[in-house]
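S.K.: One predicted model, sequence on top.
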Amino acid sequence: MGKYHLGEFEEIVLLTVAILQEDAYGIAIIDEIEKRLKRKVSIGSLQTVLRRLEGKDMLSSQLGEATKVRGGKRKRFFKLTSTGKKVLEDTKEQRLGLWDAIPSFVINDP
């Protein structure tokens, strides 16, 4: 993976942005994480990680259109960059390599 190290929550956020694709904005990301992982996420912690991942060039963002439903406030949409995709692929390879290295008797032992 080279110079990048992902924390657990960073990896979860990147994976969730990849799942949501064009619909990846704050509340949608939180809802998806909470639904899939049964894990509570605060908007503050998510915003911190989103900004950090943007700073590491793993995510990019852009503002959507203003809507009346949101009182004229615009949503910020996130998407994976090529760096983000590469880091996720490398992380997956590392994880699978570790799983594959576990002797079968450890996993199959009751």
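M.R.: Ah, there it is.
S.K.: ok, and for stretch 57-76, which residues are buried?
M.R.: Neighbour counts over stretch 57-76 (16 or more other Cβ atoms under 10 Å) mark M58, L59, S61, K75 as buried. From N, CA and C alone the C-beta is placed, and that goes for glycine too.
S.K.: Tell me how far the first one lies from I27.
M.R.: For M58, the distance to I27 (Cβ to Cβ, to the nearest Å) stands at 21 Å.
S.K.: Endpoints of stretch 36-52, how far apart?
M.R.: 23 Å (Cα to Cα, to the nearest Å).
S.K.: Which strands or helices does the top helix by length along the chain pack on?
M.R.: The longest helix of the chain (DSSP state H) is helix 82-101. In this structure, helix 82-101 makes packing contacts with helix 8-20, judged by 3 or more Cβ pairs under 8 Å, 6 or more residues apart in numbering; DSSP states H and E.
S.K.: what mean pLDDT does whichever helix or strand comes after the helix it packs on have?
M.R.: With elements assigned by DSSP states H and E, the helix or strand that comes after helix 8-20 is helix 26-37. In this model, helix 26-37 carries a mean pLDDT of 96.
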